[in-house]
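Undergrad: Provided below are the primary sequence and the corresponding predicted coordinates.
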Amino acid sequence: MDLEQHSLKSHTGEYVRDIWYAPGPIDTPHPLCLFLDAEHYVRDMGAPAVLQQLLTERRIPPTAFLFVSHVSGAARHADYVCSGSYTRFIAEDVLHWARTKNNRVQETGNIICGLSLSGLAAAYTAFHYPQTFSRVLCQSGSFWWLADNDVALAPTSARFWLSVGDAETDTEVSHPPTGLYQRISQIQGVEAAAQRFQSLGAEVHYNLYSGGHAIAPWRDELAPALEWLFHQ
C-alpha cells in the first residue's frame, strides 16, 4: 500500500500534524478508516501491509485509509485524554481534508482506530461525533483514565471492538512525562468501558488476548477486528 504524506493544520491553527493517506476509489462512495498514533500503526505495526491484504482478498470493502501522527511527550497526553478541541480537529478538519482529496469519502459511517491512550481518544471521538464515526477499534484502550475523571457520554448505537491483554494487570502506575496516574489495571478499565458502552446502547466485542501492552498482539488482532467492524 502506497501512502501519501502530508502536513495538516487545523482551521484554528492549534494543531499541525503529519498524516499518511491511502486514497479509496474515485467512482463510488466509500468509508474512511482513520488511525490515531500513526507512527505506531505505520512504523511499528506495519498496518498498511495488513490493510492491503484485507483489500486484495476482499475481506473488507474499498476504503480510504488515513493515519494521523501523534506528538511525543506531554502533547500526546493532552491530545488523547478526552480533549474537545483535538476531537474537533480529527472529526471536522481531518475528515474535511479527506473529502477535499476525494469527495466520494463518506461523511458518515466511518471507522476510527487507536491503541493505548489513543484508543481512549478514538472512543471519545466516536461518542461526540456518532454520525461521522460509528465503528471504533480500541486496542488496549487506556480506559483506566475514566475511573478518576468524570466524562459525560451520550447514548450511542456505535460498534466497538475493545481489546486488552491478559497480562495487563498493573495498578498504581505513573505514566511519564506528565505523570498520568493509573489507579486501576488496564483490564479493569477496559472491562468497565465495555459494560458502560453497552449500557449506553453500543454493540461491543470484547477481546481478551494472550499477552501484554505490546505491538505484536495488536497487529495479530488488526485484521479480525476490522473484518468484524466492517461486516457486522
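TA: Structure received.
Undergrad: any low-confidence regions in this protein?
TA: Along the chain, the parts satisfying pLDDT under 70 run over 232.
Undergrad: Longest helix in it, by number of residues?
TA: helix 215-231 (DSSP state H).
Undergrad: for it, packing partners?
TA: Helices and strands touching helix 215-231, by 3 or more C-beta pairs under 8 Å, 6 or more residues apart in numbering; DSSP states H and E, are helix 47-56, strand 110-115, strand 133-139, strand 159-165, strand 203-209. In this view, the C-beta of every residue, glycine as well, is placed from N, C-alpha and C.
Undergrad: any idea of the angle it forms with strand 110-115?
TA: Between the axes of helix 215-231 and strand 110-115, defined by axes from the mean of the first three to the mean of the last three C-alpha atoms, to 10 degrees, the angle is 160 degrees.
Undergrad: Contacts for helix 215-231, please.
TA: Contacts to helix 215-231, defined as C-beta atoms under 8 Å, 6 or more residues apart in numbering, come from residues 33, 40, 44-47, 50-51, 53-54, 59-61, 63, 111, 115, 135-137, 139-140, 159, 161, 163, 165, 205, 207, 209-211.
Undergrad: Any chance of a markdown table for the helices and strands packed on helix 215-231, columns mean neighbour count and distance to residue 172?
TA: Shown next, in a markdown table, are the helices and strands packed on helix 215-231 (neighbours: other C-beta atoms under 10 Å; distance: least, C-beta to C-beta, whole Å):
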| stretch | mean neighbour count | distance to residue 172 |
| --- | --- | --- |
| helix 47-56 | 16 | 32 |
| strand 110-115 | 27 | 22 |
| strand 133-139 | 26 | 23 |
| strand 159-165 | 24 | 18 |
| strand 203-209 | 16 | 22 |
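Undergrad: Of all the ones you listed, which one comes closest to residue 179?
TA: Among the helices and strands packed on helix 215-231, strand 110-115 comes nearest to residue 179, with 20.9 Å by C-beta to C-beta.
Undergrad: Can you name the element that comes right after that closest one?
TA: Going down the chain from strand 110-115, the next helix or strand is helix 117-128, by DSSP states H and E.
Undergrad: Buried residues of that next one, list them for me.
TA: For helix 117-128, the neighbour count (16 or more other C-beta atoms under 10 Å) marks 117, 118, 119, 120, 121, 122, 123, 124, 125, 126, 127, 128 as buried.
Undergrad: ok, back up a step: tell me the angle the longest helix of the chain makes with helix 117-128.
TA: Using the same axes, to 10 degrees: helix 215-231 against helix 117-128 is 20 degrees.
Undergrad: Using CSV, write out the CA atom coordinates for helix 215-231.
TA: C-alpha atoms of helix 215-231 as CSV (Å, rounded to 0.1, in the frame of the first residue of the first chain):
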residue,chain,number,x,y,z
ILE,A,215,2.6,-4.3,19.3
ALA,A,216,2.6,-8.0,18.3
PRO,A,217,-0.8,-8.9,19.7
TRP,A,218,-2.3,-5.6,18.4
ARG,A,219,-1.0,-6.5,14.9
ASP,A,220,-2.4,-10.0,15.2
GLU,A,221,-5.9,-8.8,16.0
LEU,A,222,-6.0,-5.9,13.5
ALA,A,223,-7.4,-8.0,10.6
PRO,A,224,-10.1,-9.8,12.5
ALA,A,225,-11.1,-6.6,14.3
LEU,A,226,-11.5,-4.6,11.1
GLU,A,227,-13.4,-7.5,9.4
TRP,A,228,-15.8,-7.5,12.4
LEU,A,229,-16.2,-3.8,12.3
PHE,A,230,-16.8,-3.7,8.6
HIS,A,231,-19.2,-6.6,8.2
